[in-house]
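Engineer: Below are the sequence and a predicted model; questions follow.
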Amino acid sequence: MAGEKKIEETREQRKVGVYLCHCGGNISDHVDIGRVFERAKKIPGVVVVRDNTFMCSDPGQELIMEDLRRGTVDRVVVASCAPSLHEATFRSAITRAGANPYLYEHANIREQVSWVHHGEAATDKAARLIAAAAAKARELEPLDPLRVKAVRHATVIGGGIAGLTAARDLAERGTEVALIEKSPFLGGRVARLDRVAPTGEKASDLMAGLVAEVSNHPRVTVYHCTQVVGFEGYIGNFRLSARREPPLSDRSGEFTLETGVVVLATGFKPYRPRTGEYGFCELPEVVTLPEFIELMARNEKAGDFLEIDGKKIKRLAMIHCVGSRQIPGIHEENPEGSLNEYCSRTCCGATLHAANLARSRHPRTHVFDFYRDIRTYGRCQEELYYEASRNKVLFFRFEADSPPLVMKAPEGAAHSLLIRVKDTLSFGEEVEVPADLVVLSTGMEPNDISDLVDLMKLPVGEDRFLLEVHPKLRPVELAVAGILLAGTCQAPMDMGEACAAASGAAVKASALLSRGYVELDPFVAEVDLAKCTGSGACVEACPREGALKLVEVEIGAEKLRRARVTPALCLGCGACVAVCPENAIEVKGWTLKQYEAMVDAIVGEDAAA
């Protein structure tokens, strides 16, 4: 009993500081911060309440740090936007003040309050959430981050421009790299291009140097015709099984790689139009933009008219947004039942670049551009649009629900195709444009990596691209620690963006591995062996394979089976806590006692109200 009294006295001495954020009006326009301030001062254990227009700003963080340095508070509650945005910011501030970063709790009063409630309801709910957070903060104990040994080796999956860039940058930083490419060649989609927009440089020249750098680097081992077939382990200590099947070779077979991080650079594929979409596959004169680029590359000779397979192309039509920006109810779903509702970003620039190339090489070939919107984002990209205007490319704008109709021209017509469209630039007038060739500007889709998604338990967004943790704070990280993103497996990107993302992934990977160990948040399950009876319910409930196991332990003179946590694999989800019949397992930083304190605080607020 004496021990329990001492713990209770220590808890009563804990000093909680509450820091309220106005979020520039996002919160304070709907929550009466003044009233919340006064209610927060009455919460048991709260010794300081402060507010700031932007608590995440340097002055806002300094308020917290100064109170910690002076010893005014020893636990921190920040009431602001979602913790996914700035939890890391405030933990870092607490660390800089010399305190334990895990003596911190967050109350989300923006997304959970001001964005969904108004008036009295918003103010009241904000006060309740802060009371609950403060009650939990009083129960928090200092925690230490998990430290896991890390193998200074990285595996890059994908040998396109992003994968090559990541491999080169990692090797230059002293990391051993395995580059896995499923095809016999390096270079990916970029290697199939002729010239790149907006500079007009030869893609083959750009790629040749990068491929040579990587292939000849002493720290890079390239595995062609290889695919990952097995995956286990955790950040710093992954074990990959790969199968190599080169054509006409006896070097096929499986091998394993011990690696610290994995960089995914699995790339994209161009959208393949459905049969009949704008006449594709039904009319031989309808091709996709990638196909047209290849045709242009085989026919670099200048002349009055563009010639394709010996046929003069006097009138060339180009149609934007094929397979991008699809709208439910208007566009037909893909075979798997999805739509590409996103903008593929690079298509407009590539289309205009191809149009300019055609006009500059073949001045008597007329070019017609059919678009919904032109999005030539990025440095020097807008110049492509102005250049197309100077090159006398004729533009027609259509609505999403009234796309151009591509049909075979009447027999005996001077041109093989006819395009009918309602042109919004001429106030909806229906026009007909004869053409000899139609080019469909197809968007980007993620490559099919469902095998890796299942194997590595990767998060996938609604657009079917791999989903990063946070687009601003953690843009190249996946929720699976130690697996990073590079390039167009994450989203449509141009070459510059893909290379920048790959370099970002390489820097992140190098930082993780450079010390020989990695530190992880300690919010993982912990087993009380005195209570555990080895029922195995927690193992069955655990969603992460290997995170929980029943192992044989010696207790007294007996050998018994008990649950054991592998902290580096634990997700901290609490599924095991919910099913344990003996309450023998807890998640650090989110214990049952802390939850009970939060509930009691909310009930107490009800009574006060």
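Structural biologist: Structure received.

Engineer: what secondary structure does Ser241 sit in?
Structural biologist: Secondary structure assignment for Ser241 (DSSP: H, G, I helix; E, B strand; the rest coil): strand.

Engineer: make that Met296, sorry
Structural biologist: Quick answer, by three-state DSSP: Met296 is helix.

Engineer: give me every residue that touches it.
Structural biologist: Neighbouring residues of Met296 by C-beta atoms under 8 Å, 6 or more residues apart in numbering: Asp194, Leu306, Ala354, Leu357, Ala358. Placement of C-beta: from N, CA and C, glycine included.

Engineer: Now with 10 Å, please.
Structural biologist: Residues in contact with Met296 (C-beta atoms under 10 Å, 6 or more residues apart in numbering) are Asp194, Arg195, Leu306, Ile308, Ala354, Leu357, Ala358, Arg361, His362, Val439.

Engineer: One more: Leu193?
Structural biologist: Gly187, Lys202, Ala203, Ser204, Leu206, Met207, Pro290, Ile293, Glu294, Ala297, Ala350, Met495.

Engineer: Emit the ChimeraX select command for whichever of these are buried.
Structural biologist: One line in ChimeraX is enough to select the buried ones among these; burial here means 16 or more other C-beta atoms under 10 Å:
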select :187,203,206,207,290,293,350,495
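
Engineer: Now Arg278: closest residue in space, sequence neighbours ignored.
Structural biologist: Check again: residue 278 is Tyr, not Arg. Closest residue in space to Tyr278, ignoring its immediate chain neighbours: Val406 at 4.7 Å, by C-beta to C-beta, 6 or more residues apart in numbering.

Engineer: So what pairs up with that neighbour in the strands?
Structural biologist: Ile419 (DSSP bridges).

Engineer: just to revisit the earlier point, of the contacts of Met296, which is the most crowded?
Structural biologist: Among the contacts of Met296, the one with the most neighbours (other C-beta atoms under 10 Å) is Val439, at 29 neighbours.

Engineer: do you know how far that one is from Ala358?
Structural biologist: Using C-beta to C-beta, to the nearest Å, one gets 9 Å for the distance from Val439 to Ala358.

Engineer: swap in His415?
Structural biologist: For His415, the distance to Ala358 (C-beta to C-beta) stands at 16 Å.

Engineer: contacting residues around the residue nearest to Tyr278?
Structural biologist: With contacts defined as C-beta under 10 Å, 6+ apart, Val406 is in contact with 276-280, 282-283, 285-286, 317, 319, 370, 417-421, 433, 435, 438, 440.

Engineer: Weed out the non-buried ones from those residues.
Structural biologist: Neighbour-count burial (16+ other C-beta under 10 Å) applied to these gives 277-280, 283, 285-286, 317, 319, 370, 417-419, 421, 433, 435, 438, 440.

Engineer: out of those, which are inside strands?
Structural biologist: Counted as lying in strands by DSSP state E, out of the buried ones among the contacts of Val406, are Val286, Ala317, Ile319, Phe370, Leu417, Leu418, Ile419, Val421, Val433, Ala435, Val438, Leu440.

Engineer: Show me the shaky parts of the stretch 201-350 of the chain.
Structural biologist: 249-251 (pLDDT under 70).

Engineer: Which residue of this protein lies farthest from its centroid?
Structural biologist: Centroid-distance maximum for the chain: Gly412 at 53.3 Å, with C-alpha atoms, centre = their mean.

Engineer: What distance do you get for that residue to Leu571?
Structural biologist: Using C-beta to C-beta, Gly412 is found at 69 Å from Leu571.

Engineer: pLDDT of the helix or strand Gly34 falls within, averaged?
Structural biologist: Gly34 belongs to helix 33-41 when assigned by DSSP states H and E. Across helix 33-41, the average pLDDT comes to 96.

Engineer: Pull up the pairing partners for the following helix or strand past that helix, direction included.
Structural biologist: On the C-terminal side of helix 33-41, the closest following helix or strand by DSSP H and E is strand 46-52. Sheet partners assigned to strand 46-52 using DSSP bridges are listed as strand 16-21 (parallel).

Engineer: now the strand it pairs with against helix 33-41, angle please.
Structural biologist: Counting by axes from the mean of the first three to the mean of the last three C-alpha atoms, to 10 degrees, strand 16-21 lies at 170 degrees to helix 33-41.

Engineer: Alpha carbons of strand 16-21, in CSV - could you do that?
Structural biologist: Extracted in CSV, the C-alpha atoms of strand 16-21 (Å, rounded to 0.1, in the frame of the first residue of the first chain):
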residue,chain,number,x,y,z
VAL,A,16,0.7,19.8,-17.3
GLY,A,17,1.0,22.7,-19.7
VAL,A,18,-1.9,23.2,-22.2
TYR,A,19,-1.1,25.1,-25.4
LEU,A,20,-4.0,26.3,-27.6
CYS,A,21,-3.6,27.0,-31.3
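
Engineer: That one: how far from the chain's middle?
Structural biologist: Taking C-alpha atoms, centre = their mean, to the nearest Å, one finds strand 16-21 lying 31 Å from the centre of the chain it belongs to.

Engineer: Stretch 231-247 too?
Structural biologist: Centroid separation for stretch 231-247 versus its chain: 22 Å, with C-alpha atoms, centre = their mean.

Engineer: residues of that stretch that come out buried?
Structural biologist: By neighbour count on 16+ other C-beta under 10 Å, the buried set for stretch 231-247 is Phe231, Gly233, Tyr234, Ile235, Gly236, Asn237, Phe238, Leu240, Ala242, Arg244.

Engineer: Please, which helix or strand holds the residue farthest from the centre of the chain?
Structural biologist: Using DSSP H and E, Gly412 sits within no helix or strand.

Engineer: Kindly report the same for Val78.
Structural biologist: strand 75-80.

Engineer: so what does that strand touch, helix or strand wise?
Structural biologist: Applying 3 or more C-beta pairs under 10 Å, 6 or more residues apart in numbering; DSSP states H and E, we find strand 75-80 packed against strand 16-21, helix 33-41, strand 46-52, helix 58-70, helix 83-96, strand 104-108, helix 119-139.

Engineer: Ranked by average pLDDT, which of those falls at the bottom?
Structural biologist: Mean pLDDT values for the helices and strands packed on strand 75-80 show the minimum at helix 83-96, a mean of 93.

Engineer: hang on, the earlier thing: make JSON lines out of the helices and strands packed on strand 75-80 and add distance to Gly267 and mean neighbour count.
Structural biologist: What follows is the helices and strands packed on strand 75-80, written out as JSON lines (distance: least, C-beta to C-beta, whole Å; neighbours: other C-beta atoms under 10 Å):
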{"stretch": "strand 16-21", "distance to Gly267": "41", "mean neighbour count": "26"}
{"stretch": "helix 33-41", "distance to Gly267": "48", "mean neighbour count": "18"}
{"stretch": "strand 46-52", "distance to Gly267": "44", "mean neighbour count": "19"}
{"stretch": "helix 58-70", "distance to Gly267": "40", "mean neighbour count": "17"}
{"stretch": "helix 83-96", "distance to Gly267": "28", "mean neighbour count": "18"}
{"stretch": "strand 104-108", "distance to Gly267": "37", "mean neighbour count": "24"}
{"stretch": "helix 119-139", "distance to Gly267": "43", "mean neighbour count": "22"}
